[in-house]
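Student: based on what follows, work out the 3D shape:
(one chain, ligands or ions: 1)
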Amino acid sequence: MSILVVGSVAFDSVETPFGRVEDVLGGSATYFSTSASFFTDVNLVAVVGEDFPREHVEFLRTRNIDLTGLTRVPGQTFHWKGRYGYDLNEAQTLETHLNVFADFKPVVPDAYADADYLILANIDPELQLEVLNQVQSPRLVACDTMNFWISSKPDALWKVLERADFIIINEGEARQLSGEANLVKAARKILARGAKNLIVKRGEYGVLMFTGTTVFAAPAYPLEEVFDPTGAGDTFAGGFMGYLANTGNLSEEGIRQAIIFGSVMASFTVEDFSLNRLKSLTYGEIEARYRSMKAMTHFQGLPEGV
Ligand code: AMP
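Tutor: A predicted model of the protein is given here:
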């Protein structure tokens with residue numbers, strides 16, 4: 001099954017303790033689509049400006065991402081500038097230039113309107129809502145957001161979140177959204193508004209999934225070198241949704257496997273700037289890391305009667 005994704009396609013300028021890059025390929029939809037494309041077909045809805053180079057479009061094409069919904073309009077491509085300190089878990093946004101996103105009205109091409117899997121990646125929640133309203137009856141809707149939108153457009157954002165099967169956000173966002181410092185309380189409050197499941201990304205500490213009745217905890221793959229965490233969250237979401245769309249298995253077991261695939265994909269992204277590591281990644285490497293995640297987290301149950 002294919003996935004429909006709407007989100008940002010961007011130029012990023014990023015500074016980490018290990019180096020800096022200017023105007024490299026980034027954006028929530030870019031990371032998501034590239035990651036998901038290792039598992040399934042992806043249809044992308046986004047906008048770029050006249051300055052967006054052909055080579056980036058060609059790269060997305062080589063990943064077999066359908067670009068019918070990628071519009072090029074006069075103006076400049078969305079630009080995000082961020083910085084990470086030695087605590088790589090939290091990005092500090094230095095600049096956000098919406099540029100062509102400021103007037104963007106997403107149109108879901110007719111061929112995508114019956115999408116079964118929909119991801120509303122990080123983008124203006126009003127645009128997320130417009131896309132949600134153009135898709136007939138998706139089997140699974142997931143959405144992401146960030147502090148920028150939680151503080152600037154909370155009403156539109158809640159309308160989106162209430163209709164999601166999976167909200168995928170980081171722990172700072174879960175706290176900000178709920179007004180609760182404790183993540184378990186935060187999850188209860190957020191799910192009480194109507195979403196079915198909440199996945200909280202905790203950087204190097206892994207992820208927690210709250211379903212309302214169960215909690216699943218997955219570690220992050222332990223890496224010796226984390227170079228640039230940009231896009232880790234979107235890459236996680238891409239692996240997660242990509243695997244679900246590939247198997248169609250929405251049981252708790254299948255969802256837990258998808259969380260591990262998401263974590264594996266994110267662990268590759270952070271090894272280099274921009275999408276550089278994903279560009280050289282092979283499916284064999286993904287499977288090998290999935291297996292070591294399994295070995296790493298396995299432990300015996302208690303013997304009978306204890
Ligand atoms: P993350 O997976 O959370 O690290 O997402 C990083 C990506 O989000 C970067 O490549 C940015 O281009 C993109 N981004 C940053 N701010 C925004 C925003 N306000 N709206 C949409 N995308 C954004």
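
Student: which SSE is the most centrally placed residue in the chain in?
Tutor: Closest to where the C-alpha atoms of the chain average out (CA atoms, centre = their mean) is residue 234, at 2.3 Å. Under the criterion of DSSP states H and E, residue 234 resides in helix 232-247.

Student: can you name the element that comes right after that helix?
Tutor: helix 252-269.

Student: and that next one, what other elements does it pack with?
Tutor: helix 28-36, strand 207-210, strand 215-218, helix 232-247, helix 276-280, helix 283-297 (3 or more CB pairs under 8 Å, 6 or more residues apart in numbering; DSSP states H and E). C-beta here means a position set from N, CA and C on the backbone, and glycine is covered the same way.

Student: what residues of the last one count as buried?
Tutor: Meaning helix 283-297. 286, 289-290, 293 (16 or more other CB atoms under 10 Å).

Student: mind listing the helices for the stretch 51-200 of the chain?
Tutor: Per DSSP state H, counting those that start in this stretch, the stretch 51-200 of the chain carries helices over the ranges 54-62, 125-132, 147-152, 154-161, 171-178, 183-192.

Student: those helices: which one's closest to residue 299?
Tutor: helix 183-192 (22.4 Å; CB to CB).

Student: show me what contacts residue 228?
Tutor: Residue 228 is in contact with 14, 16, 18-19, 21, 84, 270, 272-274, counting by CB atoms under 8 Å, 6 or more residues apart in numbering.

Student: can you tell me the residue of the stretch 1-150 of the chain closest to the ligand?
Tutor: residue 26 (3.0 Å; CB to the nearest ligand atom).

Student: model confidence for the nearest residue to residue 10 once chain neighbours are set aside, exactly?
Tutor: The spatially closest residue to residue 10, leaving aside those adjacent along the chain, is residue 27, at 3.4 Å (CB to CB, 6 or more residues apart in numbering). What the model reports as pLDDT for residue 27 is 97.

Student: could you measure from residue 27 over to residue 77?
Tutor: According to CB to CB, to the nearest Å, residue 27 stands 9 Å off from residue 77.

Student: now for the two: what residues contact both?
Tutor: Common neighbours of residue 27 and residue 77 (CB under 8 Å, 6+ apart) are 9-10.

Student: check contacts around residue 204.
Tutor: By CB under 8 Å, 6+ apart, the residues touching residue 204 are 88-89, 220, 226.

Student: SS state for it?
Tutor: helix (DSSP: H, G, I helix; E, B strand; the rest coil).

Student: skip the chain neighbours and tell me the closest residue to the one residue in the stretch 101-250 of the chain that gets nearest to the ligand.
Tutor: Evaluated by CB to the nearest ligand atom, the stretch 101-250 of the chain has residue 233 as its residue closest to the ligand, separated by 3.2 Å. Nearest residue to residue 233 in three dimensions, chain neighbours excluded: residue 201, at 5.3 Å (CB to CB, 6+ apart).

Student: now do the contacts for residue 8.
Tutor: Residue 8 neighbours (CB under 8 Å, 6+ apart): 27-30, 46, 78, 80, 101, 121-123.

Student: TSV for these, including distance to residue 194 and neighbour count?
Tutor: Converted to TSV, the contacts of residue 8 look like this (distance: CB to CB, whole Å; neighbours: other CB atoms under 10 Å):
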residue	distance to residue 194	neighbour count
27	28	27
28	23	30
29	25	29
30	29	31
46	27	29
78	29	27
80	30	23
101	27	22
121	20	28
122	20	26
123	21	29
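
Student: pLDDT at the nearest residue to residue 181 once chain neighbours are set aside, what is it?
Tutor: Distances taken as CB to CB, 6+ apart put residue 175 closest to residue 181, at 6.0 Å, once the chain neighbours are dropped. As predicted, residue 175 sits at a pLDDT of 97.

Student: neighbours of residue 173, just the number please.
Tutor: 24 (other CB atoms under 10 Å).

Student: relative to residue 75, how far out is the residue nearest to the centre of the chain?
Tutor: 23 Å.

Student: then residue 191?
Tutor: From residue 191 across to residue 75, the span is 39 Å (CB to CB).

Student: now the phi/psi pair for the closest residue to residue 2 other than its chain neighbours, please.
Tutor: Spatially, and ignoring its direct neighbours in sequence, residue 2 is nearest to residue 41 (3.9 Å; CB to CB, 6+ apart). Per-residue torsions, residue 41: phi -80, psi 140 (degrees, to the nearest 10).

Student: can I assume residue 41 is in contact with residue 64?
Tutor: Yes. Residue 41 is within contact range of residue 64, at 6.7 Å (criterion: CB atoms under 8 Å).
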